[in-house]
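**Q** I would like the atomic coordinates for the input below:
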Amino acid sequence: MATHIGEFTERESRMLLSGPAGHLEAVAAAPAPGGTLVASGFVAVVCHPHPLHGGTMDNKVVTTLARTYRDLGIPVVRFNFRGVGRSEGQFDDTVGEVQDLLAVVDWARACYPGRHLLLAGFSFGSSVAAQASHKLAGDLHHLVLVAPPVERYSYDVEGSFPCPVAVIMGEQDELVDVAGVFHWAQNLKRPAVVLRYPEATHFFHGVLVTVKQDLTDHLRRALG
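**A** Prediction:
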């Protein structure tokens, strides 16, 4: 189990962290030294898709999100929810997973005290990140929601979030109500920035390079 508290020094370092249901498997990545936001004072945490449908922290969308932050010069952690990989515990339909995320956030902030927090999540993980955002109000600087199944899980509180939100959505998503997501995102009290991909399905096959570039450009504008 990881006991070290301090800045990330490796390109990727796998470890076990203390979580509310036992160990949580995580990967911490040091910021790329040439990143344009390397001195900007952020740390990011990324959440993976549904544990009961093969979702893990090594999902390609999740690793793309993590690389986006890392290449901008932001230290980033991705992790397996309870019951996935080497993480202990059992699936808890977002309730326990939010607690897992908060434990990882606590560890990341101990490693980088005083830094602004960034959260991102894909599919099921986007709901976990969204629900946690309301518990982190005042500490959270930006939230990225990728293919959010807003028709199935909780997201906003009375139409609002405690920070700016970006939504990434494929218009051919076969698992999420696409029109419903667009309607929801634009009708928040502070509308989300929406990055739309007309040919993309739920897992963004063939367009992740474009997604990474677009998100990079958005984050430079939003955080720079």
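**Q** CA atoms for contacts and neighbours, from now on please.
**A** OK.
**Q** Can you list the low-confidence ranges for this protein?
**A** The model of the chain has pLDDT under 70 over residues 1-3.
**Q** What segments of it are strands?
**A** Ranges of strands within the chain are 13-19, 22-29, 42-47, 76-79, 116-122, 140-146, 165-170, 193-197, based on DSSP state E.
**Q** contacting residues around the last one?
**A** What it means is strand 193-197. For strand 193-197, contacts defined as Cα atoms under 8 Å, 6 or more residues apart in numbering pick out 165-171, 182, 185, 214.
**Q** Given it, what are its sheet partners and their directions?
**A** strand 165-170 (parallel) (DSSP bridges).
**Q** would a markdown table of the strands of the chain with mean neighbour count and distance to Val207 be doable?
**A** Shown next, in a markdown table, are those (neighbours: other Cα atoms under 10 Å; distance: least, Cα to Cα, whole Å):
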| stretch | mean neighbour count | distance to Val207 |
| --- | --- | --- |
| strand 13-19 | 17 | 27 |
| strand 22-29 | 23 | 23 |
| strand 42-47 | 27 | 19 |
| strand 76-79 | 27 | 21 |
| strand 116-122 | 24 | 15 |
| strand 140-146 | 24 | 13 |
| strand 165-170 | 22 | 9 |
| strand 193-197 | 16 | 8 |
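**Q** Tell me which of those strands approaches Trp107 most closely.
**A** strand 13-19 (8.0 Å; Cα to Cα).
**Q** Show me what that closest one is packed against.
**A** Using 3 or more Cα pairs under 8 Å, 6 or more residues apart in numbering; DSSP states H and E, the elements in contact with strand 13-19 are strand 22-29, helix 95-111.
**Q** List the beta-bridge partners for the residue most central in space within the chain.
**A** Centroid-nearest residue in the chain: Ala120, 1.9 Å away (criterion: Cα atoms, centre = their mean). Bridge pairing for Ala120 (DSSP bridges) gives the partners Val46, Val144.
**Q** Let me know whether it touches Val128 as I believe.
**A** No: Ala120 lies out of contact with Val128 (Cα atoms under 8 Å); the separation is 9.3 Å.
**Q** tell me, what's touching these two both at once?
**A** Cys47.
**Q** Just put the strands of the chain in a markdown table and tack on distance to Tyr153.
**A** Shown next, in a markdown table, are the strands of the chain (distance: least, Cα to Cα, whole Å):
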| stretch | distance to Tyr153 |
| --- | --- |
| strand 13-19 | 23 |
| strand 22-29 | 23 |
| strand 42-47 | 15 |
| strand 76-79 | 20 |
| strand 116-122 | 13 |
| strand 140-146 | 13 |
| strand 165-170 | 15 |
| strand 193-197 | 19 |
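**Q** pretty sure Thr94 contacts Ala129?
**A** No: Thr94 lies out of contact with Ala129 (Cα under 8 Å); the separation is 9.5 Å.
**Q** neighbour count winner among the two?
**A** Neighbours per residue, other Cα atoms under 10 Å: of Thr94 and Ala129, the larger number sits with Ala129, 28 against 20.
**Q** any idea how far Gly159 is from Ala120?
**A** Note on Gly159: its distance to Ala120, by Cα to Cα, to the nearest Å, is 19 Å.
**Q** that older thread, the helices and strands packed on strand 13-19: which one's closest to Lys60?
**A** strand 22-29 (14.2 Å).
**Q** contacting residues around the closest one?
**A** Contacts of strand 22-29 (Cα under 8 Å, 6+ apart): 1, 8-18, 57, 70, 75-82, 85-89, 100.
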